[in-house]
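**Q** the amino acid sequence is not available; the structure is as follows:
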């Protein structure tokens, strides 16, 4: 009986040893297979670590090494930026796997160990390249830490062209937990977008329209410079009163001995439409002079044929520089003479009224208070509305920071079965519409705290920018037209209309000619998301890869209540809320393992003791 018991114990020990050996062998085999055929499993509910099909298709086209030099590295990073850093690593790893190690990266601290003078020089260099710094502030009950970081990267493709990418989305310059979450949501898009810049040749051609008092070349320099990474940007003079425009047609016209001036005019119109159709899209940026009937015809037929339009147009003439230069800081704002342009847009489903939008949700301007020793004070300026996009899920504006408007109009949207209209820029509900001829008076800032004045802002939400998609009726078509010209209805097409001619205007230093970054407001010293908004508009209309749709990805933010976490321990409590959760997260897992080990040992002892 004793011998049998010993034999049983020996057999039990042998089985246990065999189990351990088999387990070790299995683990080794699994690791070998995993190293040869790596595979990551995304167990998150929203599939935050799973790349979209669009990103996967882009990754498959990478032929050479894409090197990311990421500057989000600092020994004093706050917890929220550590989270962004970790998410950036995870996303880069996903792209590295899909490109078979062609995406490579390293994290460096460009400011580490540098003197203040060296830091300033490095910051200036990175800013000129398009990388935006951020002052990382971490607060707790005991102290406050400030740390200057660069949440972005320089990206080089095959040792050739270098691009920059910013990973941080802010809320008017502030990066709270929600902003960090938005930044993490956008990581796939930002990384995929810069990969697209690296591998995609400039195929789409964009024309910036000239000839009607549009924004000057230097006033759009920052936007066109950024657009040139992905598109071929050219100027197009559409002014039939300009002999330089007509000369390109006249020589060939007389060679063909056209029978009369009617044939000549028809030929010029037809060839103008054909010449404009060479471009995939046309930008009309703040025209201040009217379009002639024939010019409107050319634009209309170009649009009917599939060319896309981006309108930045305002119906009322109002400029801040003009206001400051007027006696008593008052000015009368009449309409621009843009009859044909306004009629075209109305035909397409976007009616711009002759008014100026005032919004209590607005930017501020600096005002000198002579009663307080000429101190500079910030005053709300209702003619500079700001557009918050937190509730808008359209990919053009999703997770976008605040966009600034200046003396904007509003758009009345048509209801048509063949049109899909998506509002992009929408005011707050506290608005007022001032119809032209409108008097703008700087003294209105004195009414900012007047209850009756505030109560007068009751026009509700107003649309200032919108996307139109579908079939459009021709503005130029008239009943009885023959030979199929002009075309009566467009092919499936799209356009964007913004009732603000300055939405894409960058400021220019008058003394030096320096181009100021688009979105930076020199009066309030704030940076808005105007450039990002415009770039998203172009990508939505012209990028056939569908990459912009990646911006619809959402990640659920599961945060602790920071106010509760920072509460001190009460009189009847042993620990503060923060300490309690630290103990729970550090001690409980260890206790669980110990308890599991004790129970497992007890079960095995009972099993093999029989």
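**A** Here it is on my side, so go on. Because the structure is a prediction, the values reported are computed rather than measured. Numbering: from 1, shown residues only.
**Q** when you work out contacts or count neighbours from here on, use the C-alpha atoms and nothing else.
**A** Will do.
**Q** look up which residues are beta-bridged to residue 356.
**A** residue 434 (DSSP bridges).
**Q** would you mark the buried spots in stretch 152-163?
**A** Using 16 or more other Cα atoms under 10 Å as the test for burial, stretch 152-163 gives 152-157, 162-163.
**Q** and what of stretch 433-444?
**A** Those would be 433, 435-438, 440, 442, for stretch 433-444 by 16+ other Cα under 10 Å.
**Q** over to stretch 452-468?
**A** Under 16+ other Cα under 10 Å, the buried positions of stretch 452-468 are 457, 462-468.
**Q** in this structure, what helix or strand scores lowest on average pLDDT?
**A** helix 562-565 (a mean of 57; mean pLDDT, DSSP states H and E).
**Q** tell me the helix or strand right after that helix.
**A** Using DSSP states H and E, the helix or strand that follows helix 562-565 in sequence is helix 577-609.
**Q** counting contacts, what elements does the longest strand along the chain pack onto?
**A** The residue-count maximum for a strand in the chain (DSSP state E) belongs to strand 375-387. With contacts defined as 3 or more Cα pairs under 8 Å, 6 or more residues apart in numbering; DSSP states H and E, strand 375-387 has these neighbours: strand 355-359, strand 362-369, strand 403-404.
**Q** what sits up against that strand?
**A** Strand 375-387 has contacts (Cα atoms under 8 Å, 6 or more residues apart in numbering) with 356-369, 402-408, 425-428, 445, 448, 524.
**Q** out of those, which are buried?
**A** Among these, those classed as buried by 16+ other Cα under 10 Å are 356-365, 367, 402-408, 425-428, 445.
**Q** show me the shaky parts of the stretch 201-350 of the chain.
**A** Scanning the stretch 201-350 of the chain for pLDDT under 70 picks out the ranges 248-264.
**Q** repeat that for 50
**A** 253-255, 257-258 (pLDDT under 50).
**Q** strands of that one, start to end?
**A** For the stretch 201-350 of the chain, strands defined by DSSP state E, counting those that start in this stretch occupy the ranges 205-210, 232-237, 281-285, 308-312, 330-333, 350-352.
**Q** distance to residue 183 and mean neighbour count added to those strands, as a markdown table?
**A** Formatted as a markdown table, the strands of the stretch 201-350 of the chain follow (distance: least, Cα to Cα, whole Å; neighbours: other Cα atoms under 10 Å):
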| stretch | distance to residue 183 | mean neighbour count |
| --- | --- | --- |
| strand 205-210 | 29 | 21 |
| strand 232-237 | 29 | 16 |
| strand 281-285 | 29 | 23 |
| strand 308-312 | 27 | 22 |
| strand 330-333 | 41 | 18 |
| strand 350-352 | 33 | 23 |
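**Q** select, out of those strands, the one closest to residue 198.
**A** Residue 198 lies closest, by Cα to Cα, to one member of those: strand 232-237, at 14.9 Å.
**Q** helices of the stretch 101-250 of the chain, residue ranges please.
**A** Using DSSP state H, counting those that start in this stretch, the helices of the stretch 101-250 of the chain run over 116-129, 177-199, 221-227, 243-255.
**Q** how far is stretch 526-544 from where the chain is centred?
**A** 6 Å (Cα atoms, centre = their mean, to the nearest Å).
**Q** how about that stretch: buried residues?
**A** Buried, per 16+ other Cα under 10 Å, within stretch 526-544: 527-543.
**Q** now the residue lying closest to residue 281 once chain neighbours are set aside: how far from residue 458?
**A** Spatial nearest neighbour of residue 281, excluding adjacent residues (Cα to Cα, 6 or more residues apart in numbering): residue 308 at 4.5 Å. Distance check for residue 308 against residue 458: by Cα to Cα, to the nearest Å, it reads 35 Å.
**Q** low-confidence ranges in the stretch 1-150 of the chain?
**A** Low-confidence segments of the stretch 1-150 of the chain, defined by pLDDT under 50: 1-2.
**Q** tell me where it has strands.
**A** 66-70, 103-107, 134-139, 144-149.
**Q** so which of these gets nearest residue 582?
**A** Residue 582 lies closest to strand 134-139 among the strands of the stretch 1-150 of the chain, at 18.1 Å (Cα to Cα).
**Q** listing partners with orientation, what would you give for that closest one?
**A** strand 144-149 (antiparallel).
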